[in-house]
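After the sequence you'll find the predicted model.
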Amino acid sequence: MVDLKSTIRDVQDFPKKGIVFKDITTLINDGEAFREVIDEFYKRCKGKEIDAVVSIESRGFIFGAALAYKLGAAVIPVRKKGKLPHETFNASYELEYGTDTLEVHRDAFKAGEKVLIVDDLLATGGTIKAVIDLVKKLKGEIVEIFFLIELEFLKGRDKLKGYPVFSLIKYDKE
């Protein structure tokens, strides 16, 4: 078993001073570590009859697509505003330095379908809360929410009460 935490590189002062960025490119550059992440996610959700894996631009696409393939489920991309070519629903959320908007196609999946949401990182929870709002607009049933990394000290999980959340790697301090 790979020590997954050791495959993640810390980058100081990125994207701005005072931030320690968790760089997952070093994990996905390690085939054994990447396979272990997807296998662990798969073990957790196999047998749950998931219809669609909703993944978030851009690093969430890496994990969401691989997991959807293994599950035989649809891949639903959630993108930044203006990147999807058809009719969309959108949801805005707060960032440390402003606001941003995410979109999903209005016909991404049918009402009542079982959805798994996958992203690379849970920090303050704003992004994932916006994605939950989008899934609700489409009347999807959220089975669970998966993250590769959770920065527990930022308490993003507090915004996700009522939803099952799984994080493979946790950091309890900066």
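It's in. These numbers come from a predicted model, not from an experiment.

Next, the buried residues of the longest strand belonging to the chain.
Criterion DSSP state E: the longest strand present in the chain is strand 141-151. Residues of strand 141-151 classed as buried by neighbour count (16 or more other CB atoms under 10 Å): 142-151. Heads up, the C-betas are built off the backbone N, CA and C, glycines and all.

farthest pair in those residues?
Val143 and Leu151 (23.4 Å; CB to CB).

which residues are in contact with stretch 156-168?
4, 37, 40-41, 44, 122-126, 128-129, 132, 142-150 (CB atoms under 8 Å, 6 or more residues apart in numbering).

which residues of the protein fall in helices?
Assigned by DSSP state H, the chain shows helices spanning 25-28, 31-45, 59-71, 126-137.

Next one, pLDDT for the closest residue to Glu113 other than its chain neighbours please.
By the measure of CB to CB, 6 or more residues apart in numbering, the closest residue to Glu113 outside its immediate chain neighbours is Asp51, 4.0 Å from it. Looking at Asp51, its pLDDT is 98.

Look at Asp51 and say how many residues are nearby.
Residues lying near Asp51 (other CB atoms under 10 Å) number 19.

who's in contact with it?
Asp51 touches 73-74, 109, 113-115, counting by CB under 8 Å, 6+ apart.

go again using 10 Å as the cut-off
With contact taken as CB atoms under 10 Å, 6 or more residues apart in numbering, Asp51 is in contact with 71-74, 76, 109-110, 112-116, 140-141, 143.

just Val78 next, same as before
So Val78 contacts 54-57, 60-61, 64, 84, 88, 90-91, 102-105, 108, 117, 119, 127-128, 130-131, 134-135 (CB under 10 Å, 6+ apart).

of the residues you listed, buried ones?
Using 16+ other CB under 10 Å, the buried ones in those are 54-56, 60-61, 64, 84, 88, 90-91, 102-105, 108, 117, 119, 127-128, 130-131, 134-135.

My guess is Glu94 contacts Lys129. True?
Yes: using CB atoms under 10 Å, Glu94 makes contact with Lys129 at a distance of 9.4 Å.
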